[in-house]
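>>> here you go, sequence then predicted model.
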Amino acid sequence: MKAKMISCAAAAALVLVAAGPAYGTGGEPAPGTARLEKFAKLPARTFLSGSEPSGSLIGTAPINGVTPPFADQPIQGFSGQIRNSDGSYDVISDNGYGNKANSADFILRIQRVFPDWGSGQVDVVGGINLTDPHSYVPFPLHRTDRVLTGTDFDPESFVRLPDGTYWVGDEFGPFLLHFDRAGRLMSPPVSLPGVFAPDNPLRGDTPSNLGGSRGFESLALSPDKRTIYALLEGTVAGDPAGSLRLNEFDVRAGAYTGKRWMYQRESPSHSVADAVMVNAHQFLVIERDDFQGDAAVFKRVFLVDLRDQNNDGLLDKTPMVDLLNIANPRGVGGFGDPFRFPFFTIEGVLVLDDRTILVTNDNNFPNSAGRTPGQPDDNEFIVLRLGTKLNLDRRTLG
C-alpha cells in the first residue's frame, strides 16, 4: 500500500485568533479568507410530520430547553450534502442521538431540502428512508421490517453516482454502503480491510484498532465518478499521532484498490469532518476542534493535494477559510462582522463554483448549543465567497 503524510504549508496562516477579517481588492475577499454571501437555516425543532416517535432512549429531562421523547422523527444531524439541479440539496442525517445505544428509534434517512436564500429559511421538500429489503446486511438489524436505524449504522458521509445511486460512509464498521435511488441497500456492506471500530458487529474476537465514532466522516467522489476517496475521522492504532488514512475505492469494482495516503491534522485533538473534490488531484477538507460557541478556536477549510507538489514525500495542506473569522460587511443573516460559524460539529462542505462554497453544520439535536447557549442549534447553511480561486473541474459540480 502507498502511504504519504500530508503536512501543513503556510504556518503563518494558522494563527488561531485573528484581529478581524481581511479585505482584498476589486470587490473580492483577500486570499485565504472568505466573505459571507448567503445564509439560511432549518429550525432545530423541525420534525417529519406523521412519522414515528423518536428520542425515547435519551431520557426525559430537558436538553437545551427541549424535552424528549418526540412524537415524530427530528430532521437533524446533517453530515453531508449533494446539490440537485433544481436548487435543492440532498442531505444525510447521521445515526440520530450520538451512539448505537440511544438511537434505535431514529430512522436513517436522506432528506431533500430547499434553502430559500431570500427569506433565510430552509424548506424540507422530500426524502427517502434507508432500508435493507433484500437482506444484504449479514448481522441482525434492530427492526424486523429491515428499515435501518441509528443502532444499525452511523452514516456520516455520502456521494451520488450518475445512475442516481448513493455510496454512504458509515462509522460503526467502518463500512461503505451502496443504496439505490429509493434508499434500498444494493449489496453487502464493504469493510475497510484491517480496520475495526469497537461497534463493528463483524469483528468477532478481533480487537478494535479505531476509536468509536471515528469511521468514514468524509467521502469525496472523483470528477470522472470512478473513484471514491474515503477519509477516516480517527487514527488507526499504530499510525502516527494525528494522522488519518485516506483510502482509494474503485466504484466499478466495488472494492478498495489498496492505495492510501495519510492526512495529518494540525492537532491530534482535531477532527476532520467532510471532504469534497475540486479536481482530479485536489479536494477541500473541514478540520475543526471539538468546542462550540465562545470556546471554539479552530474551524478551518483546507485545500489538499493528492500529488507530492515539492517532491519531498509530503503532501501540502493550504488554509482556505477560517470559519470563525468570515467577513460580513453587509450584515448577511442579521449577523455582525466578522461572522463566526462556532459549532461543535461542522460536517458539510460543497463546491458551488470556482469562488463559492456551501458549508453546513450538524446540529446534534438537541444536544449542541453553539450559536446561543441553552438553545438547540439550528441546521445552518452558509454560502461563502472565497478569496482564493479554485482550479475547478466542473464535472465535480454534477
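Received it, and whenever you're ready, just let me know what you need. Numbering: from 1, shown residues only.
>>> quick check: Thr67 vs Ser103, distance?
18 Å (CB to CB, to the nearest Å). All C-beta atoms are positioned from the backbone trio N, CA, C, and that covers glycine.
>>> ditto for Lys299
On the measure of CB to CB, Lys299 and Ser103 end up 26 Å apart.
>>> quick one: low-confidence residue ranges for this protein.
Applying pLDDT under 70 to the chain flags the ranges 1-26, 311-315.
>>> find the centremost residue of the protein, please.
With the centre of the chain defined as its mean C-alpha position, the nearest residue by CA atoms, centre = their mean is Glu347, 3.3 Å away.
>>> that residue and Phe78 touch, don't they?
Yes. If you go by CB atoms under 8 Å, Glu347 and Phe78 touch, sitting 6.9 Å apart.
>>> overlap in contacts of those two?
Common neighbours of Glu347 and Phe78 (criterion: CB atoms under 8 Å, 6 or more residues apart in numbering): 360-362.
>>> residue contacts, the residue nearest to Arg385 when sequence neighbours are not counted?
Leaving aside its sequence neighbours, Arg385 sits nearest to Arg35 (CB to CB, 6 or more residues apart in numbering; 4.5 Å). Contacts for Arg35 (CB under 8 Å, 6+ apart) come out as 21, 29, 326-329, 384-385, 387.
>>> redo that, cut-off 10 Å
Going by CB atoms under 10 Å, 6 or more residues apart in numbering, Arg35 touches 21, 23-24, 27-29, 321, 326-330, 332, 337-339, 383-387.
>>> give me the element it is part of.
Taking DSSP states H and E as the criterion, the element that holds Arg35 is strand 34-42.
>>> what about Thr67 and Ser103, which has more around it?
More crowded of Thr67 and Ser103, by other CB atoms under 10 Å: Ser103, with 26 against 12.
>>> quick one: classify that one as helix, strand or coil.
At Ser103, secondary structure determined by DSSP: H, G, I helix; E, B strand; the rest coil is coil.
>>> hang on, it packs against Asp152?
Yes. The criterion here is CB atoms under 10 Å, and Ser103 meets it with Asp152 at 9.1 Å.
>>> quickly list what's touching both of those two.
Residues touching both Ser103 and Asp152 (CB under 10 Å, 6+ apart): 95, 142.
>>> could you dump stretch 161-171 to CSV, C-alpha only?
The C-alpha trace of stretch 161-171 is given here as CSV (Å, rounded to 0.1, in the frame of the first residue of the first chain):
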residue,chain,number,x,y,z
LEU,A,161,-23.3,8.4,-8.8
PRO,A,162,-24.6,9.4,-12.3
ASP,A,163,-27.1,6.5,-12.1
GLY,A,164,-28.7,8.1,-9.0
THR,A,165,-27.4,5.6,-6.6
TYR,A,166,-25.6,6.6,-3.4
TRP,A,167,-22.5,5.4,-1.6
VAL,A,168,-22.7,6.1,2.1
GLY,A,169,-19.8,6.2,4.6
ASP,A,170,-20.5,4.6,8.0
GLU,A,171,-18.6,5.0,11.2
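>>> quick one: buried residues of it?
Applying a neighbour-count criterion of 16 or more other CB atoms under 10 Å, one finds 165-171 buried in stretch 161-171.
>>> go on, stretch 61-76?
Buried residues in stretch 61-76, counting neighbours by 16+ other CB under 10 Å, are found at 63-64, 66, 68, 70, 73-76.
>>> helices and strands around the helix or strand containing Val304, which ones?
For Val304, the element it lies in under DSSP H and E is strand 299-305. Secondary structure elements in contact with strand 299-305, counted by 3 or more CB pairs under 10 Å, 6 or more residues apart in numbering; DSSP states H and E, are strand 5-8, strand 255-264, strand 271-277, strand 282-288, strand 314-322, strand 346-353, strand 356-361, strand 379-386.
>>> can you put those strands in a markdown table and add distance to Gly183?
As requested, the helices and strands packed on strand 299-305 are arranged in a markdown table below (distance: least, CB to CB, whole Å):
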| stretch | distance to Gly183 |
| --- | --- |
| strand 5-8 | 34 |
| strand 255-264 | 23 |
| strand 271-277 | 21 |
| strand 282-288 | 26 |
| strand 314-322 | 33 |
| strand 346-353 | 19 |
| strand 356-361 | 21 |
| strand 379-386 | 20 |
